[in-house]
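Enquirer: Just the structure for this:
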Amino acid sequence: MDACLPRSQPPLRLGALLAAVLLAAVAVAGCGTTESIRITPQPGATGSALPPSTATPEPSPSPAFPVSLTDDEGTEVEIPAEPQQIVSLTPASTEILFALGVGDRIVGRVEDITIFPPEAGPIPEVAGFGTVNIEAIVGLEPDLVIAGGNFFTPPEGIERLRSVGIPVLVVYAPDVETVFADIELTGRATGRAAEAVALAESLRAEFDAVAAATADLERPRVFYELDATGAIYGPADDSFLAEMIALAGGDPITTGSPDAFEIPLERLIEADPEVVLLGDAAYGVTAEAVAARAGWNVMTAVRDGAIRPTEDVIITRPGPRLGDGLRSLALAIHPDLDLPAEGGG
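Expert: Coordinates of the predicted model:
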């Protein structure tokens, strides 16, 4: 999962990106230099209404620069000229930059085991989850760094980059509306304001179409399993993921806390999910394995066989594929749902 879940995001199985979460409290190996900063990652929830663009448009002078923008932490960020060398420190930002047609300007990016689009693969990794290689980033001479808030990018790293004069824009989307706002913010920061508005509007149309399709349906109680390694993890109260489930036509079962993603088995049994969605399906978790867990057999979802895998990254990553994520989530909750064609048509 990506950097948009509250700080209580649970640890994931080793090697997992989550994201789509946005989502990882397991520390990943750093970039291997003495100039790296590492902190224990804090939870950060977690795709494409429009396909990412890999075009390389001709650069043109932008009257929008210099520009002063307020990032998601309330910091005023001065960007003197249209950025031509960008470092992306969240997977969602990488996807957004490609979708806006400036993926060719990314000179460094965060580690991402579910890299998208594939064209981003060769870009050098200069950060991990909760780590940032200051020396490598400074050496790339970027004129813009887009970092993750809520400790996804270590605050010490952000301050050090700013201290050497590099503009750092911090993004963090705790809810769906901020996802749209961050797309537009990224567009203004990179000279692609019009493209960003168009992308955000396209995503809103996708969301509106799904909301209309689920408006009159019964809303089953839904538990979205993020992980069950050692403990059971699901959506926190009022979290990005809980909002996505509600938008998809479900009644989200949450942990009972806005700050904790761990849910006791007793609370889950009492909530009695009618549908269990496996965000951890990509890591080998199956419906059969869930049904065989001690104590789970009393749940309606288990008795009815309503345990279904999901494609977690597009559901939890706050980027341009989030419309696809909402559609897939709605179909996982309501398998017989008749959704309009993609794009709201």
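Enquirer: how many neighbours does the closest residue to residue 67 other than its chain neighbours have?
Expert: With sequence-adjacent residues excluded and distances taken as C-beta to C-beta, 6 or more residues apart in numbering, residue 67 is closest to residue 79, at 5.2 Å. For glycine as for every other residue, the C-beta is placed from the backbone atoms N, C-alpha and C. Using other C-beta atoms under 10 Å, the number of residues around residue 79 comes to 20.
Enquirer: Give me the distance between residue 79 and residue 68.
Expert: From residue 79 across to residue 68, the span is 8 Å (C-beta to C-beta, to the nearest Å).
Enquirer: again, but for residue 287
Expert: 51 Å.
Enquirer: And residue 151, by the same measure?
Expert: In terms of C-beta to C-beta, residue 151 sits 25 Å off from residue 68.
Enquirer: more crowded one of these two?
Expert: A direct count of neighbours by other C-beta under 10 Å for residue 151 and residue 68 places residue 151 higher, at 18 against 9.
Enquirer: Can you tell me the element the more buried one falls in?
Expert: Element membership of residue 151 [criterion: DSSP states H and E] is none; it lies in no helix or strand.
Enquirer: Now do the strands in the stretch 151-300 of the chain.
Expert: Under the criterion DSSP state E, counting those that start in this stretch, the stretch 151-300 of the chain carries strands at the ranges 168-171, 221-225, 251-252, 275-278.
Enquirer: With mean neighbour count, mean pLDDT and distance to residue 64 added, can I get those in JSON lines?
Expert: Output for the strands of the stretch 151-300 of the chain, formatted as JSON lines (neighbours: other C-beta atoms under 10 Å; pLDDT from 0 to 100; distance: least, C-beta to C-beta, whole Å):
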{"stretch": "strand 168-171", "mean neighbour count": "26", "mean pLDDT": "98", "distance to residue 64": "14"}
{"stretch": "strand 221-225", "mean neighbour count": "25", "mean pLDDT": "98", "distance to residue 64": "40"}
{"stretch": "strand 251-252", "mean neighbour count": "20", "mean pLDDT": "98", "distance to residue 64": "39"}
{"stretch": "strand 275-278", "mean neighbour count": "24", "mean pLDDT": "98", "distance to residue 64": "42"}
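Enquirer: Now those strands in CSV, please, with extra columns for distance to residue 306.
Expert: What follows is the strands of the stretch 151-300 of the chain, written out as CSV (distance: least, C-beta to C-beta, whole Å):
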stretch, distance to residue 306
strand 168-171, 35
strand 221-225, 9
strand 251-252, 14
strand 275-278, 5
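Enquirer: tell me how far stretch 302-311 is from the chain's mean position?
Expert: 23 Å (C-alpha atoms, centre = their mean, to the nearest Å).
Enquirer: Need the mean per-residue confidence for it.
Expert: Mean pLDDT, stretch 302-311: 97.
Enquirer: Span of that stretch from start to end?
Expert: One end of stretch 302-311 to the other measures 20 Å (C-alpha to C-alpha, to the nearest Å).
Enquirer: Just the buried residues of that stretch, please?
Expert: Going by neighbour count (16 or more other C-beta atoms under 10 Å), the buried part of stretch 302-311 is 302, 306, 307, 308, 310, 311.
Enquirer: what does stretch 64-74 give?
Expert: 67, 71, 72, 73.
Enquirer: how near is the residue nearest to residue 67 to residue 282?
Expert: Relative to residue 282, and taking C-beta to C-beta, residue 79 is found at 37 Å.
Enquirer: mean confidence for stretch 142-158?
Expert: 96.
Enquirer: what would the buried residues of stretch 302-311 look like in TSV with distance to residue 174 and secondary structure?
Expert: Conversion of the buried residues of stretch 302-311 to TSV gives the following (distance: C-beta to C-beta, whole Å; DSSP: H, G, I helix; E, B strand; the rest coil):
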residue	distance to residue 174	secondary structure
302	31	helix
306	29	coil
307	28	strand
308	26	strand
310	21	coil
311	22	coil
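Enquirer: could the residues you listed go into TSV alongside distance to residue 138?
Expert: Shown next, in TSV, are the buried residues of stretch 302-311 (distance: C-beta to C-beta, whole Å):
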residue	distance to residue 138
302	53
306	51
307	48
308	46
310	39
311	36
